[in-house]
Each structure stands twice: as C-alpha cells, then as structure tokens.
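J.: Next come a sequence and a model predicted from it.
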Amino acid sequence: MTTPQPLQIRRRATGGETEIELSLDVPSDLEYVGPAVELIADELPGGPLSLRRIRFNFRTAFAEALANAIAYGNRRDPGRVVRVRVEVARDAVRLHVTDEGNGFDPADVPDPTLPERLEREDGRGLFVLRSLVDHVAFNEKGNSVCLTLRAG
C-alpha cells in the first residue's frame, strides 16, 4: 500500500479567519483511512485544539467520516476519490470530507439509541460524529460533511 498523495499546505494571510489550510485526495480504499488520518493529524499545529482533542476527537471523527465517504458515498469505487480539506483558524478546526457519491439525507438516518436499533451494528456513524465534535453540517446534496471542533 502506498501513502495517499502528499498534503498540499497553503497558508493564508494572518488577517484572515483561516490561518492554515490542508488538503488531501484519498483513494476509495479503506486501507487509506489510517494513513490519511495520521498525515493530516501530524500536520495540525498546536493552537486551537488541545493535544488530547487532536489525539482522540479529531482522529476518531476524521476516520469515521472518511471511512463512511469511501464505503457508502463512493461505494469503494477505485475510480473515485474523497476530497479532504482542513481549515485551521484561531478559534476552531473545520474538517471537510467530500465524496463523489449521490449523497444522502442525514434526517433519514434513524437514531441508533432507539430500543429497536440497539442491537444493530450499523447506523452509528453520524451519532458518533455528533458526540465527538462541536458541530456537524452537511451540504444540500449530502455528499459533503463539515466537522467543527472549537478551541479547547
């Protein structure tokens, strides 16, 4: 297995809201999830997020979002990629994960804590994301998620 394409780091003027932006295209293969998460996490500057939040919340949420985009969005199609963009601002880190699939309606995802869903092994990804980050937002099509972790 090879490592995903190198990170493309762009630094914006310090007067703007975004101080650093990282981007990465990830092939639609679940074997790339771990290496992609580590590549991005290792480039995050100390600042808005505590080391604990980077080690656990960011990495876990990123891995979940990326795996879902590969498996469900792109349906593991080797001809498709998942685009990852991370915006590091003074007060937050925003992680955008966008697949090339048809999208979905997050409102249609059933609550995994309902008694009839407790024993199912699927359907917990969105619940996990909402538990790990401060804000979860999807685009209208439902093929791009923005995860926000605020400073702390």
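T.: Good, I have the coordinates. Numbers count the residues shown, from 1 in each chain.
J.: Quick check: the residue nearest the centre of the chain vs T113, distance?
T.: Closest to where the C-alpha atoms of the chain average out (C-alpha atoms, centre = their mean) is F62, at 3.7 Å. Using C-beta to C-beta, to the nearest Å, one obtains 23 Å as the distance from F62 to T113. For the C-beta atoms, the positions are set from N, CA and C on the backbone; glycine is no exception.
J.: Same check on A92?
T.: 27 Å.
J.: Please identify which of the two sits among more neighbours.
T.: A92 (19 against 9; other C-beta atoms under 10 Å).
J.: Who are the contact partners of the more buried one?
T.: Counting by C-beta atoms under 8 Å, 6 or more residues apart in numbering, A92 touches 48, 134, 148-151.
J.: Please apply the same query to V26.
T.: Contacts for V26 (C-beta under 8 Å, 6+ apart) come out as 4, 32-33, 36, 66, 70, 81-84.
J.: ditto for H96
T.: Counted by C-beta under 8 Å, 6+ apart, H96 has contacts 83-87, 144-147.
J.: of the residues you listed, buried ones?
T.: 84-87, 144-147 (16 or more other C-beta atoms under 10 Å).
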